[in-house]
Each structure stands twice: as structure tokens, then as C-alpha cells.
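J.: need a 3D model of the sequence below.
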Amino acid sequence: MIPCAVVITCSDTASHDPAADVSGPLAARLLSESGIRVADVAIVPDEADLIGKSVAGAVEGGCRLVVLTGGTGLGPRDVTPEALELLGAREIPGVGEAIRASARDRVPTTDLSRAGAWTWESALLLALPGSPGGVRDGWAVAHPLVEHALSMLAGGGHTHGHGRGHDQGAAAAVDLWVGEQPIDAAALAESVGDDGSGAVVVFEGRVRDHDHGRTVTGLTYEGHPDADRILREVVAECENRPGVRAAAARHRVGDLAIGDLVYLVAVSAAHRREAFEACSWLVDTAKERLPIWKHQRFDDGTSEWVNCP
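T.: Below is the predicted model:
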């Protein structure tokens, strides 16, 4: 159990214009979706001493997880890793290596990133890139490790064994974007909004009772194991579109009845045109790329497989 977390955006730009901060609210949303209470979302300029003071204040205030976004590149003002080192934090090299490895096939320049994880006192510090895609990639890697890392920092031992029970526990901590669980449309739509959003557009795809003049009685969706990863990648691309504040998507698989919600997309942006265009792009692009197939059943007893897309 993680008592609370603090998110700190390290950015000269956002410190002068908080509305420009997209990655901080995104990180806070990802943590909240993972069941972690976010105590604060702060913005500090790219100054090593100020970053260090913000981290120290969060930890001394009782938070054991601090997620920093920005300042992990090679620019002269990218000083987040230096700030953590000045604080006396201890780096966990494997986490940074895993973050870079996870994005290497999609982002050729990812090896220039200095994102990673450190520990200070009994807290875990995650330094993620300032881009929405970098935040998503970094959290996807770090999330399954956080609770165990904090347990070790608190004096707990290693979890022994790598059998079936251990694997199931790790899988349970992952928030599946393509899965059999029902979609909470209201919660997902609310998760993309923030004070800088002038519009939130939501698309709901439901199971209809007909197809090409034939009556459909039910259907089953089956997905490739890579479907979840691909949906996350498409959402990350959407969040890099001009004006987009945040995006989210979920797609169900398994047996579904007529009227069931099967596909949901939510996008927030500063203005309605950007939100509508981005939502339409995300709906269509995800359907084009997702390796999900539909088996639909008809009232005459026949059935057919349809590639979806």
C-alpha cells in the first residue's frame, strides 16, 4: 500500500505558464488510475536547488513516492538527475535501462534520455521525461516495481520465487487497456479533464443488433497479446497532437451482449475543434492498428469472424 505520492513538473516554461504543463497532470492521472493517492502536483523551474528542495519537502511531508517529469534530456537546463544527485539520492540503474529499452523500437533517440529511478531516505523517486509519451512509457515500466521497491526501502525483504502465484500478483497490478473488465465511461472521461481543458470529447462504441441487414444476437472479441501495448502507443501519439491536454482509450474483449460498451475514447483539449479532431483521429487510428477480431453470431444460427479493424 502506497500512502501518497507527489508529482513535480520540472520546467522553466510551465513555471511561467502553468497551463502549459501537460505531463504533470498526466502523471497524476496515471497514478490515480493505479490506486495511488496524489497529495500534490507542483511545478518548479529547471533549477537543481529548487528541484531538490521540492523533493525533500515532499518526502519530509510523508510522501514515499515522488514522480518528477521533465529535465531528463541533454539540454543545458535539463538538470533533474543532477538535482537528485546533489540531494544525495541513490540511483537504481536498472529502471532507467528498462525505460529506455521499452521505447527503443519506437523512439530511436530514447537512449539519449536520462530518465530513471533513485531512492532518498525511505522514498522512491522517479524522474520521467517531460513528454506525455515519455511519462506513459516510464510509468508502464515503473508501476509494477513501485510497491515492492517501497517495501524494501521500509526494511522488507525480497519476494522469493517466480512461480505462478508470483506472476499472477504482478499481473494484477497492471491496468489493462484491452481486457474483459467493463469500461467505466464516466471515470475515464473525467480522468482526461483538467482546469486547462476547454473541451472534452467522448466516443462510445457499443454492440449493435444488426450488421449488413442481418440480426446480430451477440459477439465475442479476441485480441492479440500486443493489443494493449499498441493501444497505449496510439494514445501517446494522440497526446502529442497540437492542443491536446490528455487522452484515454479502452477496448473490451470476451463475450459481449447487445448494447454493451465495447470501445471508449476520451480526449481533452484547450478548444473544441482540437478535441473533436483528436478524438476522431484516435478512434480511427486505434481501430486501424489494433489486432482485435470479432466473432459475431446471427439469429439464424450462423456466425462469422470479422477483422476488427
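J.: helix or strand right after the worst-scoring helix or strand of the chain on mean pLDDT?
T.: Lowest by mean pLDDT, DSSP states H and E among the helices and strands of the chain is helix 164-172, with a mean of 36. On the C-terminal side of helix 164-172, the nearest following helix or strand under DSSP states H and E is strand 178-179.
J.: what about residue 226, how many residues close to it?
T.: When neighbours are defined as other Cβ atoms under 10 Å, residue 226 has 12 of them. Placement of C-beta: from N, CA and C, glycine included.
J.: and for residue 209, the neighbour number?
T.: Residue 209 has 13 nearby residues by other Cβ under 10 Å.
J.: disregarding residues adjacent in the polypeptide, which is nearest to it?
T.: residue 258 (4.8 Å; Cβ to Cβ, 6 or more residues apart in numbering).
J.: pull the contacting residues for that neighbour.
T.: By Cβ atoms under 8 Å, 6 or more residues apart in numbering, residue 258 lies in contact with 207, 208, 209, 216, 217, 218.
J.: the second one and residue 264, how far apart?
T.: Separation of residue 208 from residue 264 (Cβ to Cβ, to the nearest Å): 16 Å.
J.: of these two, who's got more company?
T.: residue 264 (21 against 11).
J.: show residues contacting the helix or strand where that one lies.
T.: Secondary-structure assignment from DSSP H and E places residue 264 in strand 261-269. Applying Cβ under 8 Å, 6+ apart, the contact partners of strand 261-269 are 182-183, 185, 188-189, 191-194, 197-207, 221, 238, 243-252, 256, 275, 278-279, 282-283, 286-287.
J.: show the average pLDDT along the helix or strand following that strand.
T.: Toward the C-terminus, strand 261-269 is succeeded by helix 272-289 as the next helix or strand (DSSP H and E). In this model, helix 272-289 has a mean pLDDT of 95.
J.: what does stretch 296-306 give?
T.: 92.
J.: what does that stretch contact?
T.: Here stretch 296-306 makes contact (Cβ under 8 Å, 6+ apart) with 211, 214, 215, 216, 217, 218, 219, 293, 294, 295.
J.: and that stretch, how far from the chain's centre?
T.: Stretch 296-306 sits 36 Å away from the centroid of its parent chain (Cα atoms, centre = their mean, to the nearest Å).
J.: which non-adjacent residue is nearest the residue nearest in space to the middle of the chain?
T.: By Cα atoms, centre = their mean, the chain has its centre lying nearest to residue 136, at 4.1 Å. Of all residues not flanking residue 136 in the chain, residue 236 sits nearest, at 5.0 Å (Cβ to Cβ, 6+ apart).
J.: shouldn't that neighbour be in contact with residue 140?
T.: No - with contact defined as Cβ atoms under 8 Å, residue 236 does not count as touching residue 140 (9.9 Å).
J.: about what we covered before: who wins on neighbours among the contacts of stretch 296-306?
T.: residue 219 (24 neighbours).
J.: who's that residue bridged to?
T.: residue 256, residue 296 (DSSP bridges).
J.: now do the contacts for it.
T.: Neighbours of residue 219 in contact, by Cβ under 8 Å, 6+ apart: 207, 255, 256, 294, 295, 296, 297.
J.: from those residues, keep the buried residues only.
T.: Among the contacts of residue 219, those classed as buried by 16 or more other Cβ atoms under 10 Å are 207, 256, 294, 296, 297.
J.: ok so, going back, how about the host helix or strand of the residue nearest to the centre of the chain: buried residues?
T.: Taking DSSP H and E as the criterion, residue 136 maps to helix 132-153. Across helix 132-153, burial judged by 16+ other Cβ under 10 Å covers 132-143, 145-147, 149-150.
J.: chain center to stretch 48-62: distance?
T.: How far stretch 48-62 lies from its chain's middle: 24 Å, per Cα atoms, centre = their mean.
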